[in-house]
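# Sequence first, predicted coordinates after that:
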Amino acid sequence: MARLVRSRAGGYVITCFYNTVIIQNRFQGKFFDMFIKYLKSIRKRSYYYNKGVVMSNNRSLIMLVDDNATSLLDARGILADCYDICSADSTSGMFELLKVHHPDLILIDANIPEINGFKAVEILSHDPNTADISIMFLVEKYDLATYQDKLNASDIGYICKPFFGPVFIKRIETQLFMAAQQKALESQQREFRNFSANLQKMVKNMSVVIEAESQRVWELQTAVISVMAEMVECRDDVTGGHIERTRRGVGILLRNLQENHIYEEQTLGWNFEMVIQASQLHDVGKIYISDTILQKPGKLTDEEFSIMKRHTDYGNTIIDRIEAYTQPNELTRHAKIFAGFHHEKWDGSGYPLGLNGQDIPLQGRLMAVADVYDALLSQRPYKSSLSHEKAVSIIKEGKGTHFDPVLVDVFISAAEEFKHPYKNVQGENLREEMYN
Ligand SMILES: [Fe+2]
């Protein structure tokens, strides 16, 4: 324990064997340095010297503010063994001290002249540098009635003068404990807010990165599929633009299904954009069909037609191979269905499996309409293109035989939308001898 007591000569004398002491500015020099060295040698606790006050790093600092010298001395005498103390005999002195100290607790006389304790508390609470300091009023016992209302209205505690040692120390301990708890709580809340803010920022940044990456993958995927589809189309030059037009046709049908709440169960969970993209691969199997068949200017023989029909299975095989390099996903799943079932017919007379009705996956039924409509309007070496009206009429005739009757109704209601990509196509002498 370290003690600082006034000497007979008017200075200060240190009696110290353990902890921290209070020391005046005047008490410096060789002896002071030796004393500090001694303190450090006998204790592992750290000390620092700050504007006249020697303080340990782990003792609370209490600032006493009172114009009554006796009160200051009394308080210091009671508290100095347990706490670091600094003091001021006026509020202006307190503000000066606060420029160099940040006490854990301020004990301020409620009735101090100039700026009284209540006003000083208001100033301190509005200053961000001092707002976190715990404060208690010191009130003369005989003045208590005078300040009772103000004290009751304030959320700041008070201690009556003259001090009664054990009670005084207990009140200070309790106040410092509560202040420490409050600071710890605020610190935790601050840390949590910072953590939460950082987490949100991190998630936001990650989302941006993931979104950008997803967009990049989507663009790459779109490009690869489009190029694959174009490569197939280039070999089958009698149907130039077929992929793009059927893709658009499927899109029109899907949008109308959605708007009219048709087949909602069958399209539940579909990413329409992905479905439309996948539709471009419906004829990808044609890459395995020889040019002599694919580009034959006339009607196919039965044998050639049976070979041509294999493009549905070939399409499945190709997409299986794509999946072998990646993972089965929504795009390839739709693409396989488009490729495998777009030549099935509602009455079971289609290929490759001869499925009928609702057994044909919706993707296949959608493409059947879009594919035939495009074939009817396309000019080929062995036929001219049909008019939109004629094509609509033929598809209407196929309702319930070739095509899903519900989809034919949807097609008819949206027929004007189909017209657009064909507006430059001329001629109407159809030889209804298409391979399908
Ligand atoms: Fe096909």
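Done, it's in. Numbers count the residues shown, from 1 in each chain.

# Correct me if wrong, but Phe118 is in a helix.
Yes: assessed by DSSP: H, G, I helix; E, B strand; the rest coil, Phe118 belongs to a helix.

# Grab the nearest non-local neighbour of it.
Lys150 (6.0 Å; C-beta to C-beta, 6 or more residues apart in numbering). Every C-beta, even on glycine, is put in place using the N, C-alpha and C of the backbone.

# Kindly indicate whether the one you found is helix, strand or coil.
helix.

# what about it, how many residues close to it?
16 (other C-beta atoms under 10 Å).

# Just confirm it contacts Lys119, I think it does.
No: shown here, Lys150 and Lys119 do not form a contact pair, counting by C-beta atoms under 8 Å, at 10.9 Å.

# so where do the strands sit in this structure?
2-6, 12-16, 47-50, 53-56, 61-65, 84-88, 105-109, 134-140, 158-161 (DSSP state E).

# With Val139 as the reference, measure out to the residue nearest to Phe118.
10 Å (C-beta to C-beta, to the nearest Å).

# what do these two both touch?
Taking C-beta atoms under 8 Å, 6 or more residues apart in numbering as the contact rule, the neighbours common to Lys150 and Val139 are Ala110.

# Tell me how many other residues crowd Ala415.
17.

# Leaving out chain neighbours, which residue sits closest to it?
Val392 (5.1 Å).

# try Arg333
Using C-beta to C-beta, 6+ apart, the closest residue to Arg333 is Ala278 (8.0 Å).

# residues near Ala184, how many?
Ala184, neighbours per other C-beta under 10 Å, totals 10.

# meant to ask about His311
Counted with other C-beta under 10 Å, His311 comes out at 27.

# Could you list the low-confidence segments of the stretch 301-436 of the chain?
420-436 (pLDDT under 70).

# rerun at 50
423-436 (pLDDT under 50).

# who touches Glu140 in this structure?
So Glu140 contacts Asn111, Cys160, Lys161 (C-beta under 8 Å, 6+ apart).

# was I right about the first one contacting Leu144?
So the one you mean is Asn111. No: with contacts counted by C-beta under 8 Å, Asn111 stays clear of Leu144, the gap being 10.8 Å.

# burial count for Asp374?
Neighbours around Asp374, by other C-beta under 10 Å: 23.

# I should have written Asp132 there, sorry.
14.

# any idea how far Ser60 is from the residue lying closest to it once chain neighbours are set aside?
Take Asp132 and drop its neighbours on the chain: the residue closest to it by C-beta to C-beta, 6+ apart is Lys183, 6.8 Å away. For Lys183, the distance to Ser60 equals 11 Å [C-beta to C-beta].

# The two: which has the busier surroundings?
Taking neighbours as other C-beta under 10 Å, Lys183 and Ser60 compare with Ser60 leading, 22 against 13.

# I figured the more buried one hits Leu176, correct?
Yes: taking contacts as C-beta under 8 Å, Ser60 lies within contact range of Leu176: 5.3 Å.

# which neighbours do these two share?
Asp104, Leu105.

# Mind listing the residues bridging to the residue lying closest to Gly157 once chain neighbours are set aside?
For Gly157, ignoring the flanking residues on the chain, the nearest one in space by C-beta to C-beta, 6+ apart is Met136 at 5.1 Å. Legend: beta-bridge partners of Met136 under DSSP bridges are Leu107.

# count of neighbours near Met136?
21.

# Quick check: it touching Cys160?
No: using C-beta under 8 Å, Met136 makes no contact with Cys160, being 11.0 Å away.

# Report the backbone C-alpha coordinates of stretch 376-392 in CSV.
As requested, the backbone C-alpha atoms of stretch 376-392 are provided in CSV (Å, rounded to 0.1, in the frame of the first residue of the first chain):
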residue,chain,number,x,y,z
LEU,A,376,-45.2,-24.1,-92.1
LEU,A,377,-44.0,-20.5,-92.7
SER,A,378,-40.5,-21.4,-93.7
GLN,A,379,-39.5,-21.6,-97.3
ARG,A,380,-37.7,-24.8,-98.3
PRO,A,381,-36.2,-26.1,-101.5
TYR,A,382,-39.3,-28.3,-102.1
LYS,A,383,-41.9,-25.9,-100.9
SER,A,384,-42.8,-22.3,-100.5
SER,A,385,-43.8,-20.7,-97.2
LEU,A,386,-47.4,-20.6,-96.0
SER,A,387,-49.1,-17.5,-94.8
HIS,A,388,-49.6,-16.9,-91.1
GLU,A,389,-53.4,-17.5,-91.5
LYS,A,390,-52.9,-20.8,-93.3
ALA,A,391,-50.4,-22.0,-90.7
VAL,A,392,-52.8,-21.0,-87.9
